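Engineer: Structure for this input, please:
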Amino acid sequence: MPANLPPEYFKAEERYLQARTLEEKISATEVLIRVTPKHKGTEKLLRTLKRRMAKLKMELRKKRGRKIGRGGGPSFAVRKEGAAQVVLVGLPNSGKSKLLQELTSARPEVADHPFTTREPVPGMMEFEDVQIQLVEVPAIVEGSSLGKGLGVQPLSAVRNADAIALVADVSADPLEQILILVNELNAAGVRLNQRPPKITVQRRSTGGIEIRGHEMVEGGELEIKRVIQERHIHNAFVVVEEPVTREEVKEALDESLVYLHAFILLTKCDLLPDVSKLKSVERKFGDFSILRADASPAELKKSIYENLGLIRVYTKRPDEEPARRPVVLPRGSTILQVTRAVHKDFEKHLKFARVWGSAKFPGQQVSRDHVLQDKDVVELHV
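Structural biologist: Predicted structure coming up:
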């Protein structure tokens, strides 16, 4: 079947051939993919273009990583403090600085002009007896992942966070803002509210590529081997645990990707002229928690804490009061996890534990795999 490519394709192809930088090549390839008709005659061409795009973006991420590592500007990494780190990400004048002021003791400059914040500003948010670190990063713009605005560094600052707050001004077009943020983060290798494909790759020195579960890969064994060999992996034991596409296999092999929890934080809600704007965000991003900044500070702090998926556990010794400061753990943690958090040697010496809170009765003796709840009191016997 003929491809029947439009004139726009050949113009974009000429742009690609004349491109001198990775950014220019990526831009031209994006146009090539967009203008190529989608039918059986162009399937092979589209696969080639998408492979080229993935390779170019990986080269760009590596190049920028080397520049930052060599001192290509101020470091945007912020050392974690408190129980968790939440990064506030938004377009210019989205209200990030004001949020940071209202929720922490930090005092970033607040102004009407764009790019007031030029480097990350951290602040500690207190929620009851837990401290959460909020970090405002400089504004993201469309094309930040390609070097526009303040470049890729604000995007790189989110990679070590525990969660991302996508801050959007509802007095403008919140849906468009959030789409830009999600697309730029995705282009920078940050996946939001997704989990990595269930594929494990164990490299080895000999033996070729052995695959367990290849029948669950789109295209079968030959296709997954082709994808793996494209990454210059020629000896590996691969386990596929769920149905996956070719693109998901690529993502599983891409060690530069990070997977982070994200929620939406809407600002300037008092200026909301059209409720339909809020509804459009809810329809498009129904799998994201949506918080409103016009809630009281106490309510907003509670919502942020709940979005982090954490629990507080108070340890105690026999015949003593519980500790004033909790051990903060991921939701779903067990007695075993709190034991490890208290002391690395307690696990092998643990005899039993008693729990107040999630137990059937106060002080019930429980097993190591007992799942704890927020504000449980745990007495460890070692």
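Engineer: pLDDT weak spots in the chain?
Structural biologist: Confidence mapping of the chain against pLDDT under 70 gives the ranges 1-3, 61-75, 109-118, 272-274.
Engineer: give the contact list for the closest residue to Ala252 other than its chain neighbours.
Structural biologist: Leaving out its chain neighbours, the residue that sits closest to Ala252 by Cβ to Cβ, 6 or more residues apart in numbering is Ile199, at 3.8 Å. To be clear about C-beta, it is placed using only N, CA and C from the backbone, and glycine gets the same treatment. For Ile199, the contacting residues are Val238, Val239, Val240, Glu241, Val244, Glu248, Val249, Ala252, Leu253, by Cβ atoms under 8 Å, 6 or more residues apart in numbering.
Engineer: What subset of the residues you listed is buried?
Structural biologist: The neighbour-count criterion (16 or more other Cβ atoms under 10 Å) marks Val238, Val240, Val244, Glu248, Val249, Ala252, Leu253 among those as buried.
Engineer: Tell me which two in these are the farthest apart.
Structural biologist: Between any two of the buried ones among the contacts of Ile199, the greatest separation by Cβ to Cβ is 13.0 Å, found for Val238 and Glu248.
Engineer: rewinding a little: which one of the buried ones among the contacts of Ile199 is nearest to Cys269?
Structural biologist: Among the buried ones among the contacts of Ile199, and counting by Cβ to Cβ, the member closest to Cys269 is Glu248, at 37.2 Å.
Engineer: wait, that closest one sits on Pro197?
Structural biologist: Yes. In this structure Glu248 lies within contact range of Pro197 using Cβ atoms under 8 Å: 4.2 Å.
Engineer: And what about Ile264, helix, strand or coil?
Structural biologist: For Ile264, the secondary structure call by DSSP: H, G, I helix; E, B strand; the rest coil comes out as strand.
Engineer: for Tyr9, same thing?
Structural biologist: helix.
Engineer: measure it to Lys44 for me?
Structural biologist: For Tyr9, the distance to Lys44 (Cβ to Cβ, to the nearest Å) stands at 15 Å.
Engineer: And the two? Which one has more around it.
Structural biologist: Tyr9 (20 against 10; other Cβ atoms under 10 Å).
Engineer: Tell me how many other residues surround the nearest residue to that one once chain neighbours are set aside.
Structural biologist: What sits nearest to Tyr9 in space, not counting adjacent residues and going by Cβ to Cβ, 6+ apart, is Val35, at 5.1 Å. Residues lying near Val35 (other Cβ under 10 Å) number 16.
Engineer: quick one, what contacts Val35?
Structural biologist: Val35 touches Pro6, Glu8, Tyr9, Ala12, counting by Cβ under 8 Å, 6+ apart.
Engineer: Closest one of these to Tyr305?
Structural biologist: Looking across these and measuring by Cβ to Cβ, the closest to Tyr305 is Ala12, at 47.7 Å.
Engineer: right, and the closest one touches Thr36 too?
Structural biologist: No. In terms of Cβ under 8 Å, Ala12 does not count as a neighbour of Thr36; the distance is 9.2 Å.
Engineer: Have a look at these two and say which one is more surrounded.
Structural biologist: Ala12 (21 against 18).
Engineer: if I look at the more buried one, how far off is Lys25?
Structural biologist: Where Lys25 is concerned, Ala12 sits at a distance of 11 Å (Cβ to Cβ).
Engineer: quick one: the helices in the stretch 51-200 of the chain?
Structural biologist: Counting by DSSP state H, counting those that start in this stretch, one finds helices in the stretch 51-200 of the chain at the ranges 96-103, 153-156, 174-187.
Engineer: deepest of the ones you listed, which one?
Structural biologist: Ranked by mean neighbour count, the helices of the stretch 51-200 of the chain are led by helix 153-156 with a mean of 22 (mean count of other Cβ atoms under 10 Å).
Engineer: Need the phi and psi values for Lys38.
Structural biologist: The phi/psi pair for Lys38 (degrees, to the nearest 10) reads phi -100, psi 100.
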